[in-house]
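>>> Generate coordinates for the sequence data below:
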Amino acid sequence: MHTRLFFVFFFCSYLLASQEKYPKDTFRSPLDIPLVLSGTFGELRSNHFHSGIDIKTQKRQGLPIYAIQDGTVIRIKVSLWGYGKALYVAHPNGFTSVYAHLKKFSPEIEAYIKKAQYNKKSYEIEMFPDYGELEVKKEDIIAYSGNTGGSSGPHLHFEIRNSVTEKPTNPLLYGYEVRDATNPTLIGLFGYPLSKDAQVNESNKKVQLNFTKQKDGSFIADKVTAAGTIGFGFNGFDRQDLAANKNGIYAVKQTVNGKIYSEYDFETFSFGETRYINTLIDYPHFGNFRQRIQKCFKDASNKLGIYKSLYLDGKIPIVEGLSYNVELLISDIKGNNIKVIIPVEGKKAPLRIIKEEKQTDYFIKANKPNSFDLDAAKVYFPESTFYEDFYIDLKKGKDTISIHNQTVAAHRNFTITFDVSKYSKEEQKQLFIARLDKNLEPRHYRTYKRNNTFSARSRTFGNFTLAKDTIAPKVKPRNFKEKQWLSNYRYLSLEISDDLSGIKTYSATLNGEWILMEYEPKTKTITYNFDDKIAGKTQCDLKVLVTDNVGNSTTFEHTFFRK
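Down below sits the predicted model:
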């Protein structure tokens, strides 16, 4: 019955939503403070586009968050990373709102999720309430802002998704007011020779172009001489009036002699295609300099659906003797924009700068699986791990292997496998696969152990080795001491840490009964709220068990008193 009602609801929602693509003045703000953004929709992030807006909460936690419209809670998730504490509300007009990095939920929702956490004896949990089980009204307080999960500071991550397609859409299309009369900023401009016979300014590799600002605010590049098929890219950002954050560009349009060659914007995108961001940007440049150049042309491996218009995939065939006027229009969602003019002259000349083609002993065919034996370990790249064919740099080692560098993006996970038959069974228990950081310190990778074979999956290149962890985690109280009276305390707080492989599990009991400890990895703290539940005894015996990723464990036991 629930399934049928749910289907009817969403079918009607789809019909209603189709009447108005982005209804204005329908949703209220999720906060009662002016909207100042630290992150915009579609912003370029590591391996993904930002799927919402990040709203500043005045460096505070605990601000009330409101339901933007009548609806029903369809999903609640509590996780250590990612969105942290997150709430999903479906609305009758065919949209779903998402609120993330929350400190806590409203009392009714908090009680619902805590009951499930106690039943599962787990802090991390994901629940899908029945439709109508947790209804909310517009203006209801549904949660409080926080800093949980992968958040690097207090803010609200807010999304509006299409309930049918589940695609995130730009929340600023729904009439939310953000003060913005500031034009985007252009940092760099680049020319790309794309065909085998191509050149830009007597170079067959990417070149940076000089440009100057004109009196009318536009930019003009120094004349470019080129031959073959070429393309252009730029590095830039946008700002709102009340924030210093360097946010993402909303829309880009490239014209050649007045004809649109490429045009894309961040109105919406699919979660399934978000990792193809690595084909929109110049990934080798990002790997070397941590700067994201957006390409105005579309690579063959680019499967993004953000393009509004494409002609010749945005690539420009240059005929010797002809002149071209290339214009880039770079805009924010408010219509503030900058125009960049690139004059191009078709002219072939002897190359002054020649691209070096580095070859190694190992070649990757992107459309086929690739496997290599590197002595200490084997590495397997499934079909379509990479976007294009290339020579990969692999180094064998007795204990450590090296896999390429950060100038190539892996779209899928590859597998690293170590043979550990030379180690005793006791030694194997404390071993794990690690990637060495820039200081050559080992960082734990989830290690799958099967007989004498250890394997791990990664989408990051680097140096991999086997590391050994023999030291158990540390546990220490933060706000109480042994045999202390805690009658007026609202919570217990402890610090848990591990020096190498990292915390895998933790659990706590009070007088033998499991209690919910909220874990915040950023501060290495676990916290128990006395409002949850407590055995009715004056003497309280606390027991905390913490285990690391190879099985080393520590048991912490303390007694305190409470009336």
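>>> give me the number of residues near residue 238?
Residues lying near residue 238 (other Cβ atoms under 10 Å) number 25. Any C-beta I mention is one placed from the backbone N, CA and C, and that applies to glycine too.
>>> and the gap between it and residue 334?
For residue 238, the distance to residue 334 equals 9 Å [Cβ to Cβ, to the nearest Å].
>>> swap in residue 497?
As for residue 497, its distance to residue 334 is 46 Å (criterion: Cβ to Cβ).
>>> ok, now residue 385?
Applying Cβ to Cβ, the value for residue 385 to residue 334 is 40 Å.
>>> now swap in residue 542 and tell me
The value you get for residue 542 to residue 334, if Cβ to Cβ is used, is 54 Å.
>>> Which stretches in the stretch 51-200 of the chain count as helices?
With helices called from DSSP state H, counting those that start in this stretch, the stretch 51-200 of the chain shows them at 107-120.
>>> Check the closest residue to residue 559 other than its chain neighbours and give its pLDDT.
Closest residue to residue 559 in three dimensions, ignoring its sequence neighbours and counting by Cβ to Cβ, 6 or more residues apart in numbering: residue 541, at 5.4 Å. Per-residue pLDDT puts residue 541 at 95.
>>> need the contact list for residue 541.
Contact analysis of residue 541 by Cβ atoms under 8 Å, 6 or more residues apart in numbering lists 510-512, 557-559.
>>> Residue 487 now?
For residue 487, the contact set (Cβ under 8 Å, 6+ apart) comprises 561-563.
>>> for the residues you listed, which one is nearest residue 186?
Relative to residue 186, the closest of these is residue 562; by Cβ to Cβ it sits at 61.9 Å.
>>> Per-residue confidence, that closest one, what does it come out as?
We have a pLDDT of 90 for residue 562.
>>> show me the contacts for it.
Residues near residue 562 by Cβ under 8 Å, 6+ apart: 485-487, 489, 530, 534, 538, 540.
>>> Looking at residue 542 and residue 334, which is more packed in?
residue 542 (20 against 17).
>>> quick one: secondary structure of the more buried one?
Following DSSP: H, G, I helix; E, B strand; the rest coil, residue 542 is assigned to strand.
>>> so it touches residue 512, yeah?
No - taking Cβ atoms under 8 Å as the definition, residue 542 is not a contact partner of residue 512, at 10.6 Å.
>>> For PyMOL, what selects the buried ones among the contacts of residue 562?
In PyMOL, this line selects whichever of these come out buried by 16 or more other Cβ atoms under 10 Å:
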select buried, resi 486+530+540
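>>> what packs against the longest strand seen in the chain?
In the chain, with assignment by DSSP state E, the single longest strand is strand 224-237. Applying 3 or more Cβ pairs under 8 Å, 6 or more residues apart in numbering; DSSP states H and E, we find strand 224-237 packed against strand 185-193, strand 199-200, strand 294-295, strand 316-318, strand 323-331, strand 337-346.
>>> Who are the packing partners of whichever helix or strand comes after it?
For strand 224-237, the following helix or strand on the C-terminal side (DSSP states H and E) is strand 251-256. Packing contacts for strand 251-256, counted by 3+ Cβ pairs under 8 Å, 6+ apart, involve strand 259-265, strand 323-331.
>>> State the number of residues packed around residue 389.
Using other Cβ under 10 Å, residue 389 has 12 other residues around it.
>>> what's near enough to touch it?
Taking Cβ under 8 Å, 6+ apart, we find residue 389 in contact with 363-366.
>>> Mind putting those residues into JSON lines with distance to residue 221?
Output for the contacts of residue 389, formatted as JSON lines (distance: Cβ to Cβ, whole Å):
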{"residue": "363", "distance to residue 221": "37"}
{"residue": "364", "distance to residue 221": "35"}
{"residue": "365", "distance to residue 221": "37"}
{"residue": "366", "distance to residue 221": "33"}
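>>> which of the residues you listed count as buried?
Buried members of the contacts of residue 389, counted by 16+ other Cβ under 10 Å: 364, 366.
>>> any idea which of the contacts of residue 389 is closest to residue 423?
Of all these, residue 423 sits closest to residue 364, with 31.3 Å by Cβ to Cβ.
>>> Pick the one among the contacts of residue 389 closest to residue 354.
Of all the contacts of residue 389, residue 363 has the smallest distance to residue 354: 21.6 Å, by Cβ to Cβ.
>>> pretty sure the closest one belongs to a helix, no?
No - Residue 363 is assigned strand when assessed by three-state DSSP, not a helix.
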